[in-house]
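1. fold the following.
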Amino acid sequence: FQQICWRCCYQVCNTHSLCHKMHILLTSLQSYYLPVILDNIGIKSPNEQLLINALNVVFSSVASVFGCFFVDKFGRRNLYLWGALLTGLCYIPMNVIAALAEGHVATGTGYAFVAFIYLYGIFFSFCWMPLQTLYPAEILPNDIRAQGFAFQELMNGLASFINTYATPVALQRIDRKSVV
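-> Next up, the predicted model:
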């Protein structure tokens with residue numbers, strides 16, 4: 001029984017580690033680069049920037065709700081793998097745009113960057129958000145499920161803490177390479 005518990009905890013850690021890394025990357029890009037990108041492409045109004053950010057949250061929330069309804073239809077493994085592929089395909093152009101921009105982004109390139117941020121959020125929310133709660137519930141035995149959920153919430157809190165306090169320092173000291 002002890003060996004099974006450690007294997008289950010390892011699976012929870014492994015799955016949540018990837019999800020948290022991807023979540024930190026998305027949130028960091030959105031929180032710290034989006035206002036700069038919007039300024040560079042000519043969207044300087046705080047109201048328009050707020051609207052773009054708010055719509056991203058709405059689209060991601062709707063995608064997350066739809067993802068919850070389609071978990072059984074598509075399967076957990078398929079959602080996990082497709083989520084990794086699709087978010088990776090969105091993440092690559094965002095890094096290329098950030099690397100080539102050198103502080104000056106053309107309007108079309110900036111709109112492409114914003115579109116990829118939206119797509120990244122939608123794919124992440126549809127594929128991975130429902131799985132973050134389902135995975136521990138399915139792989140942990142009943143007698144340690146509560147501890148597994150507590151551990152999951154601890155990891156969520158740590159990821160949020162790192163994103164809130166470490167990302168600004170990393171962006172200041174090593175610029176865009178901190179998210180590559």
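2. so where's this protein uncertain?
-> Low-confidence segments of the chain (pLDDT under 70): 1-33, 103, 167-168, 171, 174-180.
3. I figured residue 94 hits residue 116, correct?
-> Yes: between residue 94 and residue 116 there is a contact under C-beta atoms under 8 Å: 4.9 Å. The way it works is simple: take the backbone N, C-alpha and C, and place the C-beta from them, glycine included.
4. which one's more surrounded, those two?
-> The neighbour comparison of residue 94 against residue 116 (other C-beta atoms under 10 Å) goes to residue 94, with 24 against 20.
5. so for the one helix or strand residue 157 maps to, what gets flagged as buried?
-> Using DSSP states H and E, residue 157 maps to helix 145-161. Using 16 or more other C-beta atoms under 10 Å as the test for burial, helix 145-161 gives 148, 151, 152, 155, 159.
6. quick check: the gap between the last one and residue 97.
-> The one in question is residue 159. 25 Å (C-beta to C-beta, to the nearest Å).
7. the fourth one too?
-> Distance of residue 155 to residue 97, computed by C-beta to C-beta: 30 Å.
8. and for residue 47?
-> Look at residue 47 and residue 97: by C-beta to C-beta, they are 25 Å apart.
9. more crowded one of those two?
-> Using other C-beta under 10 Å, the more surrounded residue of residue 47 and residue 97 is residue 97, with 18 against 8.
10. and the helix or strand hosting that one, how far from the chain's centre?
-> Per DSSP H and E, residue 97 falls inside helix 76-101. Between the centre of helix 76-101 and the centre of its chain there are 10 Å (C-alpha atoms, centre = their mean, to the nearest Å).
11. now do the buried residues in that helix.
-> Buried residues in helix 76-101, counting neighbours by 16+ other C-beta under 10 Å, are found at 79-80, 82-84, 86-87, 90-91, 93-95, 97-98, 101.
12. ok, stretch 98-116 next?
-> 98, 101, 105, 109, 110, 111, 112, 113, 114, 116.
13. excluding residues flanking it in the chain, which one is nearest residue 152?
-> Leaving aside its sequence neighbours, residue 152 sits nearest to residue 136 (C-beta to C-beta, 6 or more residues apart in numbering; 5.4 Å).
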